[in-house]
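J.: take a look and give me a structure for this.
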Amino acid sequence: MPIFEKPPLETLTPAKERWTPIYLEHGRIEVDDSSVKWIGADKTVIRLPVATLSAIMLGPGTTVTHAAIKACADSNTPICWVGQDGMRFYSFGISPNHDNSNARKHAELHGSTKKREEIARKMFLKRFPEADVLGKSIKELRGMEGMRIKHLYEEMGYKYGVSWKGRDYNPNNWEVADNINKAISAANSCLYALCTAIVCSMGYVPTLGFVHVAGTLPFVYDIADMYKPFTTLEAAFESLSINPIAKEDEVITLLKKKIEASELTRRIPLDIEELMQ
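T.: From the prediction side, this is the model:
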């Protein structure tokens with residue numbers, strides 16, 4: 001097996017200082033000459049600085065060697081398997097953490113009804129600072145959120161001149177969705193990958209959500225929701241205002257710019273730590 005020297009713990013880049021995720025499709029990831037390389041179907045060869053990437057998103061037509069997965073795990077760099085252009089989020093590989101203190105704290109907070117509601121209220125205020133959430137239950141917060149998000153979509157449509165008929169998509173048949181719903185889904189999938197990478201690298205539990213309960217990544221959905229208004233929604237609506245038939249890659253390119261402009265990879269870890277106090 002090719003040798004990739006495990007970086008010393010103290011040299012690993014923390015999640016808040018890592019680059020945005022990299023998306024790859026139609027090619028192979030392997031270890032060669034003591035480094036991780038991407039070999040594309042077009043014969044392009046790129047060295048991947050895995051220790052500084054927040055996540056590697058693998059699209060269709062990709063293969064990865066055992067040695068490459070081990071190198072990513074040693075570097076605390078999660079691997080995410082996604083659909084074409086990030087349209088679907090299939091699975092992820094959790095990187096090893098060096099202690100379980102955050103996981104234990106997460107489980108303790110989740111197990112307390114009082115603490116769980118407190119954290120859900122803090123998450124809501126991150127998105128809607130002017131809201132009155134005093135004494136509100138999680139069920140009441142969900143109802144308040146639904147109304148506010150509905151209005152937010154309408155405002156985005158009006159702001160960017162994009163026709164909005166409602167959030168309507170079928171994950172098993174993307175073709176029946178209109179362009180704006182496809183754009184939002186593509187952008188959200190990328191944001192979920194980023195949030196999953198950060199949650200896992202910090203040692204928290206993606207399956208223990210405070211607002212969301214369904215699916216395999218409830219906590220990831222909780223975290224991602226706080227940033228959608230100025231990242232995924234802006235990218236989706238703005239892309240279609242520029243090009244009404246914008247493809248997913250155009251949406252994702254704009255999303256990356258918004259993620260970088262808002263310093264999201266630095267911001268998310270700080271916000272998670274604040275929420276979980």
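
J.: now residue 264: how far from residue 102?
T.: Using Cβ to Cβ, to the nearest Å, residue 264 is found at 20 Å from residue 102. Every C-beta, even on glycine, is put in place using the N, C-alpha and C of the backbone.

J.: just the helices in the stretch 151-277 of the chain please.
T.: Ranges of helices in the stretch 151-277 of the chain, per DSSP state H, counting those that start in this stretch, are 179-201, 218-225, 232-242, 248-261, 264-275.

J.: just tell me which of those helices ends up closest to residue 128.
T.: helix 218-225 (11.1 Å; Cβ to Cβ).

J.: which strands or helices does the closest one pack on?
T.: Under the contact criterion of 3 or more Cβ pairs under 8 Å, 6 or more residues apart in numbering; DSSP states H and E, helix 218-225 touches helix 113-127, helix 179-201, helix 264-275.

J.: same question for the first one: list its buried residues.
T.: Right, helix 113-127. Neighbour counts over helix 113-127 (16 or more other Cβ atoms under 10 Å) mark 116-124, 127 as buried.

J.: got TSV for these, with pLDDT too?
T.: Formatted as TSV, those follow (pLDDT from 0 to 100):
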residue	pLDDT
116	93
117	92
118	93
119	93
120	91
121	91
122	92
123	91
124	89
127	85
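
J.: sorry, back to before: and the helices of the stretch 151-277 of the chain, which is most packed in?
T.: Ranked by mean neighbour count, those are led by helix 179-201 with a mean of 25 (mean count of other Cβ atoms under 10 Å).

J.: which other helices and strands contact it?
T.: Helices and strands touching helix 179-201, as assessed by 3+ Cβ pairs under 8 Å, 6+ apart, comprise strand 79-82, strand 89-93, helix 218-225, helix 232-242, helix 248-261, helix 264-275.

J.: I'd like to know which of these lies nearest to residue 164.
T.: Taking Cβ to Cβ as the criterion, helix 232-242 is the member of those that comes nearest to residue 164, at 8.4 Å.

J.: give me the mean pLDDT for that closest one.
T.: Confidence over helix 232-242 (mean pLDDT, whole number) is 95.

J.: quick one, domains of this structure?
T.: 9-93, 101-275 (automatic domain parsing).

J.: between those, which gets the lowest average pLDDT?
T.: Among the domains of the chain, domain 9-93 carries the lowest mean pLDDT (a mean of 82).

J.: so how far is it off the chain centroid?
T.: On the basis of Cα atoms, centre = their mean, to the nearest Å, domain 9-93 is displaced by 15 Å from the centre of the chain it belongs to.

J.: again, but for stretch 216-227
T.: Per Cα atoms, centre = their mean, the displacement of stretch 216-227 from the mean C-alpha position of its chain is 8 Å.

J.: show residues contacting it.
T.: With contact meaning Cβ atoms under 8 Å, 6 or more residues apart in numbering, stretch 216-227 is reached by 89, 106, 123, 126-127, 188, 191-192, 195-196, 198-199, 204-212, 215, 262, 264, 268, 271-272.

J.: now stretch 47-54
T.: Contact partners of stretch 47-54, identified using Cβ under 8 Å, 6+ apart, comprise 7, 11-13, 15, 18-22, 29, 35-38, 56, 71-72, 75-77, 194, 197-198, 201, 265.

J.: tell me the secondary structure for residue 30?
T.: The three-state assignment at residue 30 reads strand, by DSSP: H, G, I helix; E, B strand; the rest coil.

J.: so what does residue 27 look like in phi/psi?
T.: Backbone geometry at residue 27, expressed as degrees, to the nearest 10, gives phi 170, psi -170.

J.: touching, residue 154 and residue 165? I think so.
T.: No: taking contacts as Cβ atoms under 8 Å, residue 154 lies outside contact range of residue 165: 10.4 Å.

J.: so who does the closest residue in space to residue 168 that isn't next to it in sequence touch?
T.: Once flanking residues are discounted, residue 168 sits nearest to residue 181: 5.9 Å by Cβ to Cβ, 6 or more residues apart in numbering. Listed by Cβ under 8 Å, 6+ apart, the contact partners of residue 181 are 167-169.

J.: returning to what we had before: need the helices of the stretch 151-277 of the chain in CSV (columns: distance to residue 60).
T.: Compiled in CSV, those are given as follows (distance: least, Cβ to Cβ, whole Å):
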stretch, distance to residue 60
helix 179-201, 14
helix 218-225, 22
helix 232-242, 22
helix 248-261, 12
helix 264-275, 25
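
J.: okay then, goodbye and thanks.
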